[in-house]
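[1] Mind looking at a prediction? Sequence and model below.
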Amino acid sequence: MKLLITNIQRTSFHDGPGIRTTVFLKGCSLRCFWCHNPETLSTSNELRYISSRCIHCEMCMAVCRKISGLNILYSPENLVEYARTHETCIECFQCVKYCPTQAIVPTAKWYREDELLPILLADRDYYEISKGGVTFSGGEPLLQWKSLYSVINLLKNNGISIAIDTAGNVPWEAFEKVLEKTDLFLYDLKAISPELHRKVTGSSNELILKNLENLYWKGAAIRVRIPLIPGVNTCPDEQEKIAEILVRYPKLDGVELIPFHRTALSKYRQLGMNYQAAELEPPDCQMLRQIEERIKQRISIPVICRGL
(Lines give C-alpha, C1' and ligand atoms only; values in the text may rest on other atoms or scores of the structure.)
Protein backbone atom coordinates (compact mmCIF):
# COMPACT_ATOMS: atom_id res chain seq x y z
CA MET A 1 0.00 0.00 0.00
CA LYS A 2 1.14 3.56 -0.70
CA LEU A 3 0.75 7.03 0.79
CA LEU A 4 0.93 10.27 -1.22
CA ILE A 5 3.13 12.56 0.87
CA THR A 6 4.13 16.21 0.36
CA ASN A 7 6.76 16.46 3.09
CA ILE A 8 8.43 14.52 5.89
CA GLN A 9 9.60 16.96 8.57
CA ARG A 10 12.05 15.56 11.10
CA THR A 11 12.75 17.03 14.56
CA SER A 12 9.37 18.73 14.79
CA PHE A 13 8.41 20.27 18.16
CA HIS A 14 4.90 21.63 17.49
CA ASP A 15 2.88 18.59 16.41
CA GLY A 16 2.49 16.68 19.65
CA PRO A 17 4.67 15.88 22.67
CA GLY A 18 8.43 15.48 22.47
CA ILE A 19 10.58 15.36 19.36
CA ARG A 20 8.58 14.11 16.40
CA THR A 21 8.64 13.38 12.71
CA THR A 22 5.64 14.98 11.01
CA VAL A 23 4.37 13.42 7.79
CA PHE A 24 2.23 15.67 5.59
CA LEU A 25 -0.26 13.70 3.48
CA LYS A 26 -1.94 14.88 0.30
CA GLY A 27 -5.62 15.73 0.13
CA CYS A 28 -8.09 17.75 2.23
CA SER A 29 -11.88 17.84 2.47
CA LEU A 30 -11.95 21.51 3.52
CA ARG A 31 -10.98 24.66 1.62
CA CYS A 32 -10.02 27.13 4.35
CA PHE A 33 -9.18 30.40 2.62
CA TRP A 34 -6.14 30.94 4.88
CA CYS A 35 -4.67 27.42 4.46
CA HIS A 36 -0.91 27.44 5.04
CA ASN A 37 -0.36 24.10 3.27
CA PRO A 38 -2.02 24.64 -0.14
CA GLU A 39 0.15 21.93 -1.69
CA THR A 40 -1.80 19.38 0.38
CA LEU A 41 -5.31 20.39 -0.73
CA SER A 42 -5.71 18.31 -3.89
CA THR A 43 -5.80 14.52 -3.67
CA SER A 44 -3.73 14.26 -6.85
CA ASN A 45 -0.11 15.21 -7.42
CA GLU A 46 0.59 18.68 -8.80
CA LEU A 47 3.43 20.81 -10.11
CA ARG A 48 5.19 23.72 -8.44
CA TYR A 49 7.08 26.39 -10.37
CA ILE A 50 10.05 27.94 -8.54
CA SER A 51 10.77 31.02 -10.62
CA SER A 52 14.13 31.79 -8.97
CA ARG A 53 15.54 28.56 -10.44
CA CYS A 54 14.16 29.01 -13.96
CA ILE A 55 16.60 29.81 -16.79
CA HIS A 56 13.77 30.08 -19.37
CA CYS A 57 15.10 27.34 -21.60
CA GLU A 58 11.49 26.27 -22.32
CA MET A 59 12.37 22.57 -22.29
CA CYS A 60 9.33 21.91 -20.07
CA MET A 61 6.93 23.44 -22.58
CA ALA A 62 8.56 21.66 -25.52
CA VAL A 63 8.25 18.22 -23.97
CA CYS A 64 4.69 18.92 -22.81
CA ARG A 65 3.62 19.92 -26.31
CA LYS A 66 5.27 16.82 -27.79
CA ILE A 67 3.87 14.24 -25.34
CA SER A 68 0.44 15.57 -24.42
CA GLY A 69 -0.34 17.77 -27.40
CA LEU A 70 -1.14 20.72 -25.12
CA ASN A 71 -0.55 24.10 -26.69
CA ILE A 72 1.30 25.68 -23.77
CA LEU A 73 2.52 29.18 -24.51
CA TYR A 74 4.28 32.08 -22.85
CA SER A 75 6.01 30.66 -19.74
CA PRO A 76 6.65 27.67 -17.45
CA GLU A 77 4.39 29.39 -14.91
CA ASN A 78 1.53 29.05 -17.37
CA LEU A 79 2.32 25.36 -17.74
CA VAL A 80 2.00 24.75 -14.00
CA GLU A 81 -1.30 26.62 -13.80
CA TYR A 82 -2.63 24.80 -16.87
CA ALA A 83 -1.65 21.41 -15.45
CA ARG A 84 -3.48 22.21 -12.20
CA THR A 85 -6.70 23.45 -13.78
CA HIS A 86 -7.14 21.30 -16.89
CA GLU A 87 -8.00 17.63 -17.08
CA THR A 88 -5.97 17.28 -20.28
CA CYS A 89 -2.76 17.13 -18.22
CA ILE A 90 -1.87 13.42 -18.13
CA GLU A 91 0.47 13.81 -15.11
CA CYS A 92 3.42 12.23 -16.92
CA PHE A 93 5.70 14.82 -15.24
CA GLN A 94 8.14 14.68 -18.13
CA CYS A 95 8.43 18.44 -17.71
CA VAL A 96 9.99 17.74 -14.31
CA LYS A 97 12.41 15.24 -15.80
CA TYR A 98 13.58 17.59 -18.55
CA CYS A 99 13.91 20.73 -16.41
CA PRO A 100 17.69 21.17 -15.94
CA THR A 101 17.42 23.38 -12.84
CA GLN A 102 14.50 21.77 -10.96
CA ALA A 103 12.40 24.87 -11.43
CA ILE A 104 9.37 22.62 -11.94
CA VAL A 105 8.90 20.01 -9.23
CA PRO A 106 6.06 17.74 -8.09
CA THR A 107 4.32 18.65 -4.85
CA ALA A 108 4.26 15.09 -3.55
CA LYS A 109 5.71 11.60 -3.80
CA TRP A 110 4.20 8.15 -3.42
CA TYR A 111 5.84 6.10 -0.63
CA ARG A 112 5.49 2.37 -0.14
CA GLU A 113 5.46 1.05 3.43
CA ASP A 114 8.95 -0.42 3.07
CA GLU A 115 10.26 2.96 1.84
CA LEU A 116 8.57 5.02 4.54
CA LEU A 117 9.22 2.91 7.62
CA PRO A 118 13.06 3.29 7.72
CA ILE A 119 12.70 7.07 7.40
CA LEU A 120 10.24 7.26 10.29
CA LEU A 121 12.31 4.94 12.50
CA ALA A 122 15.56 6.84 11.90
CA ASP A 123 14.96 9.14 14.90
CA ARG A 124 13.55 6.56 17.28
CA ASP A 125 16.29 7.35 19.86
CA TYR A 126 15.06 10.95 19.96
CA TYR A 127 11.48 9.75 20.28
CA GLU A 128 12.39 7.58 23.27
CA ILE A 129 14.44 10.25 25.05
CA SER A 130 11.80 12.99 24.60
CA LYS A 131 8.64 10.84 24.70
CA GLY A 132 7.97 11.88 21.13
CA GLY A 133 6.94 9.93 18.05
CA VAL A 134 5.40 10.32 14.61
CA THR A 135 2.58 12.71 13.67
CA PHE A 136 0.51 12.35 10.52
CA SER A 137 -0.77 15.68 9.26
CA GLY A 138 -1.86 17.23 5.98
CA GLY A 139 -4.12 18.25 4.45
CA GLU A 140 -6.36 15.68 6.02
CA PRO A 141 -4.38 12.47 6.67
CA LEU A 142 -7.51 10.42 7.26
CA LEU A 143 -8.52 10.77 3.62
CA GLN A 144 -5.85 8.10 3.07
CA TRP A 145 -6.91 6.12 6.14
CA LYS A 146 -6.72 2.63 4.64
CA SER A 147 -3.05 2.94 3.70
CA LEU A 148 -2.36 5.07 6.77
CA TYR A 149 -3.64 2.37 9.11
CA SER A 150 -1.17 -0.11 7.65
CA VAL A 151 1.77 2.24 8.29
CA ILE A 152 0.53 3.12 11.79
CA ASN A 153 0.28 -0.57 12.62
CA LEU A 154 3.91 -1.13 11.59
CA LEU A 155 5.05 1.83 13.68
CA LYS A 156 3.13 0.64 16.75
CA ASN A 157 4.76 -2.79 16.35
CA ASN A 158 8.06 -0.92 16.68
CA GLY A 159 6.92 0.88 19.83
CA ILE A 160 6.44 4.31 18.22
CA SER A 161 3.89 6.78 19.61
CA ILE A 162 1.36 8.03 17.03
CA ALA A 163 -0.46 11.36 16.73
CA ILE A 164 -2.93 12.34 14.01
CA ASP A 165 -3.54 15.99 13.14
CA THR A 166 -7.07 16.13 11.74
CA ALA A 167 -9.79 18.60 10.81
CA GLY A 168 -12.37 15.90 11.57
CA ASN A 169 -14.29 16.22 8.30
CA VAL A 170 -14.12 12.54 7.35
CA PRO A 171 -16.47 9.58 7.83
CA TRP A 172 -16.44 8.04 11.33
CA GLU A 173 -15.21 4.81 9.72
CA ALA A 174 -11.77 6.41 9.30
CA PHE A 175 -11.50 7.34 12.99
CA GLU A 176 -12.84 3.98 14.09
CA LYS A 177 -10.10 2.17 12.18
CA VAL A 178 -7.15 4.12 13.62
CA LEU A 179 -8.57 4.85 17.08
CA GLU A 180 -6.92 2.02 19.03
CA LYS A 181 -3.53 2.66 17.43
CA THR A 182 -3.48 6.45 17.93
CA ASP A 183 -2.02 7.94 21.13
CA LEU A 184 -3.15 11.52 20.49
CA PHE A 185 -5.53 13.31 18.14
CA LEU A 186 -4.71 16.95 17.35
CA TYR A 187 -8.21 18.12 16.48
CA ASP A 188 -8.84 21.39 14.65
CA LEU A 189 -11.81 23.61 15.48
CA LYS A 190 -12.03 26.59 13.18
CA ALA A 191 -15.51 28.01 13.72
CA ILE A 192 -18.68 26.89 15.51
CA SER A 193 -21.35 29.00 13.80
CA PRO A 194 -22.57 26.74 10.95
CA GLU A 195 -22.97 29.55 8.41
CA LEU A 196 -19.57 31.01 9.24
CA HIS A 197 -17.86 27.63 9.04
CA ARG A 198 -19.33 26.91 5.63
CA LYS A 199 -18.38 30.37 4.40
CA VAL A 200 -14.70 30.17 5.39
CA THR A 201 -14.01 26.44 4.81
CA GLY A 202 -16.50 25.53 2.09
CA SER A 203 -18.07 22.80 4.23
CA SER A 204 -20.46 22.19 7.10
CA ASN A 205 -19.04 21.55 10.57
CA GLU A 206 -21.77 19.09 11.57
CA LEU A 207 -19.62 16.01 10.91
CA ILE A 208 -16.59 17.64 12.57
CA LEU A 209 -18.45 18.30 15.84
CA LYS A 210 -20.06 14.85 15.80
CA ASN A 211 -16.71 13.11 15.29
CA LEU A 212 -15.19 15.13 18.13
CA GLU A 213 -18.00 14.01 20.44
CA ASN A 214 -17.64 10.36 19.38
CA LEU A 215 -13.87 10.40 19.82
CA TYR A 216 -14.13 11.91 23.30
CA TRP A 217 -16.67 9.41 24.58
CA LYS A 218 -14.63 6.56 23.08
CA GLY A 219 -11.83 7.61 25.44
CA ALA A 220 -9.44 9.04 22.84
CA ALA A 221 -6.73 11.49 23.93
CA ILE A 222 -7.58 14.75 22.17
CA ARG A 223 -5.83 18.10 22.02
CA VAL A 224 -7.99 20.75 20.36
CA ARG A 225 -6.23 23.20 18.07
CA ILE A 226 -7.81 26.53 17.17
CA PRO A 227 -6.25 28.57 14.35
CA LEU A 228 -6.83 32.23 15.20
CA ILE A 229 -7.95 33.90 11.99
CA PRO A 230 -8.79 37.64 12.16
CA GLY A 231 -12.33 38.26 11.01
CA VAL A 232 -13.26 34.60 11.48
CA ASN A 233 -12.89 33.48 15.09
CA THR A 234 -11.09 36.30 16.91
CA CYS A 235 -14.29 38.07 17.96
CA PRO A 236 -15.74 37.47 21.46
CA ASP A 237 -19.00 35.97 20.13
CA GLU A 238 -17.29 33.18 18.19
CA GLN A 239 -14.83 32.51 21.01
CA GLU A 240 -17.75 32.13 23.40
CA LYS A 241 -19.27 29.52 21.07
CA ILE A 242 -15.95 27.69 20.91
CA ALA A 243 -15.73 27.73 24.71
CA GLU A 244 -19.27 26.34 24.94
CA ILE A 245 -18.10 23.33 22.93
CA LEU A 246 -14.89 22.88 24.93
CA VAL A 247 -16.60 22.85 28.35
CA ARG A 248 -18.46 19.70 27.29
CA TYR A 249 -15.15 17.83 27.27
CA PRO A 250 -13.34 18.53 30.56
CA LYS A 251 -10.82 15.70 30.08
CA LEU A 252 -9.30 17.02 26.86
CA ASP A 253 -5.50 16.83 26.72
CA GLY A 254 -5.38 20.60 26.21
CA VAL A 255 -6.15 23.49 23.87
CA GLU A 256 -3.67 25.15 21.51
CA LEU A 257 -4.30 28.59 20.02
CA ILE A 258 -2.37 28.96 16.75
CA PRO A 259 -2.12 32.50 15.32
CA PHE A 260 -2.56 33.04 11.59
CA HIS A 261 0.58 33.83 9.58
CA ARG A 262 1.28 34.63 5.92
CA THR A 263 4.29 32.39 5.37
CA ALA A 264 2.41 30.33 2.75
CA LEU A 265 2.37 33.16 0.19
CA SER A 266 5.29 31.76 -1.82
CA LYS A 267 3.63 28.32 -1.97
CA TYR A 268 0.51 29.79 -3.56
CA ARG A 269 2.63 31.60 -6.13
CA GLN A 270 4.53 28.42 -6.98
CA LEU A 271 1.26 26.54 -7.42
CA GLY A 272 -0.35 29.28 -9.50
CA MET A 273 -3.11 29.67 -6.91
CA ASN A 274 -4.80 32.78 -5.57
CA TYR A 275 -4.06 33.38 -1.88
CA GLN A 276 -7.24 34.89 -0.46
CA ALA A 277 -5.58 35.70 2.87
CA ALA A 278 -2.66 37.62 1.34
CA GLU A 279 -3.83 40.95 2.80
CA LEU A 280 -4.93 39.55 6.15
CA GLU A 281 -2.95 40.93 9.10
CA PRO A 282 -1.78 38.39 11.70
CA PRO A 283 -3.13 39.00 15.22
CA ASP A 284 -0.82 41.03 17.44
CA CYS A 285 0.33 40.03 20.92
CA GLN A 286 -2.30 42.13 22.66
CA MET A 287 -5.09 40.39 20.76
CA LEU A 288 -3.56 36.98 21.45
CA ARG A 289 -3.36 37.66 25.19
CA GLN A 290 -6.97 38.82 25.28
CA ILE A 291 -8.18 35.72 23.42
CA GLU A 292 -6.11 33.38 25.58
CA GLU A 293 -7.41 34.97 28.78
CA ARG A 294 -11.00 34.97 27.55
CA ILE A 295 -10.94 31.24 26.82
CA LYS A 296 -9.05 30.41 30.03
CA GLN A 297 -11.79 32.10 32.04
CA ARG A 298 -14.41 29.80 30.53
CA ILE A 299 -12.71 26.40 30.71
CA SER A 300 -10.56 24.44 33.15
CA ILE A 301 -8.51 22.74 30.42
CA PRO A 302 -4.88 23.91 29.95
CA VAL A 303 -4.67 26.55 27.20
CA ILE A 304 -1.47 27.43 25.35
CA CYS A 305 -1.15 30.20 22.78
CA ARG A 306 1.74 29.96 20.34
CA GLY A 307 3.61 33.20 19.81
CA LEU A 308 3.32 34.34 23.43
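    That came in fine, so what should we check first?
[2] Going by C-alpha atoms from here, please, whenever you check contacts or count neighbours.
    Noted.
[3] Show the pLDDT at Pro76.
    Reported pLDDT at Pro76 in the predicted model: 68.
[4] for Ile72, that is, sorry about that
    For Ile72, the pLDDT comes out at 57.
[5] Same check on Val224?
    Note for Val224: predicted pLDDT of 98.
[6] And for Gln94?
    In this model, Gln94 is scored at 87, pLDDT.
[7] Could you list the low-confidence segments of the stretch 1-150 of the chain?
    For the stretch 1-150 of the chain, applying pLDDT under 70 flags the ranges 67-79, 81-88.
[8] Tell me where it has helices.
    All helices of the stretch 1-150 of the chain, identified by DSSP state H, counting those that start in this stretch, fall at 59-68, 76-85, 94-98, 113-121, 124-130, 145-157.
[9] can you list those helices in JSON lines and add mean neighbour count?
    Putting the helices of the stretch 1-150 of the chain into JSON lines (neighbours: other C-alpha atoms under 10 Å) gives the following:
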{"stretch": "helix 59-68", "mean neighbour count": "17"}
{"stretch": "helix 76-85", "mean neighbour count": "20"}
{"stretch": "helix 94-98", "mean neighbour count": "19"}
{"stretch": "helix 113-121", "mean neighbour count": "15"}
{"stretch": "helix 124-130", "mean neighbour count": "16"}
{"stretch": "helix 145-157", "mean neighbour count": "17"}
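[10] And the ones you listed: which comes nearest Asn37?
    Asn37 sits nearest to helix 76-85 of all these, at 15.9 Å, using C-alpha to C-alpha.
[11] where along the chain do the strands fall?
    2-12, 20-25, 47-49, 104-106, 109-112, 133-137, 161-166, 184-188, 222-228, 254-259, 303-305 (DSSP state E).
[12] Deepest-packed of the ones you listed, please.
    Ranked by mean neighbour count, the strands of the chain are led by strand 133-137 with a mean of 28 (mean count of other C-alpha atoms under 10 Å).
[13] can you give me the angle that one makes with helix 113-121?
    Relative orientation of strand 133-137 and helix 113-121, computed by axes from the mean of the first three to the mean of the last three C-alpha atoms, to 10 degrees: 120 degrees.
[14] Distance from strand 133-137 to the middle of the chain?
    11 Å (C-alpha atoms, centre = their mean, to the nearest Å).
[15] what do you get for stretch 133-149?
    Counting by C-alpha atoms, centre = their mean, stretch 133-149 is centred 10 Å from the centre of its parent chain.
[16] I'd say Thr22 and Gln9 touch.
    Yes. With contact defined as C-alpha atoms under 8 Å, Thr22 and Gln9 form a contacting pair (5.1 Å).
[17] Run through the residues that contact Asp123.
    Residues counted as contacts of Asp123 (C-alpha atoms under 8 Å, 6 or more residues apart in numbering) are Thr21.
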